[in-house]
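[1] give me the fold of what follows.
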Amino acid sequence: MTSVPHTDADLQSLYTQTAPLHLTRRSLRNEEYTSRQKGDVADTGRSEPILPPPPSFKEKVKANLPILSWFPHYDRSKSLRVDIIAGMVISFMVIPQGMAYGMLAGMPVEYGLYSSLFPPLIYMFFGTASHLSLGTNAPISILVADSVTAAIPTDTDCSDDVTSADCERILNATLVLCILSGIFYFVFWVFRFSMIVSFVPDPVLAGFTTGASVIIITSNMKHALGITTKRGQLWEIWGDIFSKLDEINWAAFAFFVLSYATIMGLKEVNKNTKIS
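    Okay, here's the model as predicted:
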């Protein structure tokens, strides 16, 4: 059982273990120069601040490629085995999850696997948080589907027929969207625009999460009922669902109910089970 930190030393130790590497290095550097400044003031009586020197080229490279900092100190005898086990466990979850996210975005299921595989590999070189889980998620899938639908109105998507002309148009538009998103991400990284996220208020995030949950349920109803629905606005999709209630595939619906009941049952069991 993990003890709750009570003192400043405990909090600093917890921060050093969990904070991203560039923040930890910045904190340690500030402490170093703060202590040096205090010593100089005590010795000479000066009160002028001592500014830290600009980082060297090597420090800049390590700041942008954190793998150069942590990989030489990686303890394979202690961490390699548990990391392999963790990777295998996560892969069992990511495979069906990635396929579902691909369908949610209106893409073939294999594209969901691609988006779950390559981001963690790239983040291994450029990432700074060792405990961050990176990959596709439901909000991103929804935004992709909504953006492509607004740009290219179609009656079907790739989850209905991967060989259709509409699916090819959706694929091309989605690939262009990914390239544009990558360009914007790179520009934001160069100018360190990540601080903007700190100014997003909690009610906005809560509203986005609630809206995303409604869209996720709506997008998956056709799979739960075993019917095909047209693409469009939320009310148009639900209107199409109610108009096709006589076409429900009862085998698919029974499988959906059984799966949902199993998931909720396991959730209750895990909630009431105490691990000593």
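[2] buried set for the longest helix along the chain?
    The helix spanning the most residues in the chain, taking DSSP state H as the definition, is helix 76-104. By neighbour count on 16 or more other Cβ atoms under 10 Å, the buried set for helix 76-104 is 94, 97-104. Glycine gets a C-beta too; all of them are placed from N, C-alpha and C.
[3] what's the burial count for Tyr260?
    Neighbour count of Tyr260, defined by other Cβ atoms under 10 Å: 11.
[4] if I look at it, how far off is Asn220?
    Counting by Cβ to Cβ, to the nearest Å, the gap from Tyr260 to Asn220 is 11 Å.
[5] Pro96 now?
    13 Å.
[6] now do Tyr111
    Taking Cβ to Cβ, one finds Tyr111 at 17 Å from Asn220.
[7] so how far is stretch 53-64 off the chain centroid?
    Computed by Cα atoms, centre = their mean, to the nearest Å, the chain-centroid distance of stretch 53-64 equals 28 Å.
[8] same question, stretch 157-175
    24 Å.
[9] end to end on that stretch, go ahead and measure it.
    Terminal residues of stretch 157-175 lie 15 Å apart, using Cα to Cα, to the nearest Å.
[10] please apply the same query to stretch 140-159.
    Terminal residues of stretch 140-159 are spaced 17 Å apart (Cα to Cα).
[11] what does stretch 195-203 give?
    In stretch 195-203, first residue to last residue: 18 Å (Cα to Cα).
[12] what of stretch 148-163?
    18 Å.
[13] just stretch 223-242 next, same as before
    14 Å.
[14] cool, and stretch 68-79?
    17 Å.
[15] give me the distance from that stretch to the chain's centre.
    25 Å.
[16] can you check stretch 119-139 too?
    Relative to the centre of its chain, stretch 119-139 is centred 7 Å away, using Cα atoms, centre = their mean.
[17] can you tell me the distance between the two ends of it?
    Using Cα to Cα, the end-to-end distance of stretch 119-139 comes out at 16 Å.
[18] average pLDDT across it?
    Stretch 119-139 shows a mean pLDDT of 80.
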